[in-house]
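Engineer: Predicted coordinates and the sequence they were generated for:
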Amino acid sequence: MSKRVVIAFGGNAILQPHQAATYENQLANVRSSSKKIADIVEAGYEVIITHGNGPQVGLILQQNEEAKEVVPPFPLDVCSAESQGFIGYMLDQCLKNELRKRGLPQQVVSVLTQTRVSLEDEAFLHPTKPIGVFYTEEEAKRLMQDKGWNMQEDAGRGWRRVVPSPQPQSIVEADTIMKIAASGAIVIGAGGGGIPVVQAEDGTLSGVEAVIDKDRSGLKLAQEANADIFMMVTDVKNVYIHYGKPEQKALEHISTEEAKQYIGEGHFSSGSMGPKMEAAVAFAELGKHAIICSLDDAALALQGTTGTHIS
């Protein structure tokens, strides 16, 4: 039986830092990424893809602000859905084209995905996730008064809106995604962490203004879709301890206990590698296999010859 792998990559893999935010640039990046994913499909794995949307949803929010005098802005959950749609479209098309070139028969399906969160989550009391464009202090204060937004100064670069980043409770469409993957199709789901929704006692779903961490939702998707492997791809070949120092060391094959020790020692930034390591440990503690590697090395990492492996 084929092993099922959930591959999670960030929004920066679709739009790289300092690149012009054109559709053409994003499409070229997705086309390149699709070749790496096709290598994994060709190796015989069942593949589920999830992705970030930070740069993309930021651009949508900027469009909302620029056009607000002409077109009423949409709420954040709708902006998340928009980003899922156009990123899913690019991935779907590019993967289909690449698979066709290789003579591979797999279909590709993009599933608009909602992620259930709880309004009791403390994140709703303490918004911390910066989104969208930068504002001056004067603009920020006006937005706080006019829109009721939470605004914070961001590392000397200006003021940004901050929103809650609650823990994912479940992936609403996880069972459907699992069934599609079992049919042999490649599934794209839970993009941008999933569209955040809350569920009433009668089962009714409704969207909320929040952003879910993509690594946390990727973990939840890997758990609920019964994946064998959870792979988080990034822009470095390995996870490192003492990163950027003379004693820097690449981690290759480590246990969950070793990983916890390194996390406790503060080797990983909360804004980058920290959430990935925490998600990898949580998945590996289920008796499964987590990998953090570069996208270019993804197929080799599945062979165990590169990347950081936690088990």
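Structural biologist: Done, it's in.
Engineer: buried stuff in stretch 240-256?
Structural biologist: 240, 241, 251, 254, 256 (16 or more other C-beta atoms under 10 Å). C-beta here means a position set from N, CA and C on the backbone, and glycine is covered the same way.
Engineer: same deal with stretch 165-177?
Structural biologist: Buried residues in stretch 165-177, defined by neighbour count with 16+ other C-beta under 10 Å: 165, 166, 168, 169, 170, 171, 172, 173, 174, 176, 177.
Engineer: Looking at these, which are in strands?
Structural biologist: Residues of those located in strands (DSSP state E): 170, 171.
Engineer: Specify which member of the buried residues of stretch 165-177 is nearest to residue 304.
Structural biologist: Closest approach between the buried residues of stretch 165-177 and residue 304, by C-beta to C-beta: residue 177, at 26.3 Å.
Engineer: Please report how far that closest one lies from residue 2.
Structural biologist: Separation of residue 177 from residue 2 (C-beta to C-beta, to the nearest Å): 16 Å.
Engineer: ok, now residue 97?
Structural biologist: From residue 97 over to residue 2 (counting by C-beta to C-beta), the distance is 23 Å.
Engineer: Residue 175 too?
Structural biologist: 19 Å.
Engineer: Direction included, what does the lowest-mean-pLDDT helix or strand in the chain pair up with?
Structural biologist: When the helices and strands of the chain are scored by mean pLDDT, DSSP states H and E, strand 129-135 comes last with a mean of 77. Looking at strand 129-135 with DSSP bridges, its partner strands are strand 159-163 (antiparallel).
Engineer: How far does the strand it pairs with sit from its chain's centre?
Structural biologist: Relative to its chain's centre, strand 159-163 lies at 20 Å (C-alpha atoms, centre = their mean, to the nearest Å).
Engineer: can you give me the helices for the stretch 51-200 of the chain?
Structural biologist: All helices of the stretch 51-200 of the chain, identified by DSSP state H, counting those that start in this stretch, fall at 54-66, 76-101, 137-147, 174-182.
Engineer: and residue 221, what does it touch?
Structural biologist: With C-beta atoms under 8 Å, 6 or more residues apart in numbering as the criterion, the residues that contact residue 221 are 6, 48, 50, 171, 174, 177, 189, 190, 227.
Engineer: what do you get if the cut-off is 7 Å, keeping everything else the same?
Structural biologist: By C-beta atoms under 7 Å, 6 or more residues apart in numbering, residue 221 lies in contact with 6, 48, 50, 171, 174, 189, 190.
Engineer: Out of these, who's the most crowded?
Structural biologist: Neighbours here mean other C-beta atoms under 10 Å. Within these, the largest count is held by residue 190, at 35 neighbours.
Engineer: Low-confidence regions, the protein specifically.
Structural biologist: Within the chain, the stretches with pLDDT under 70 are 1, 133, 155, 271.
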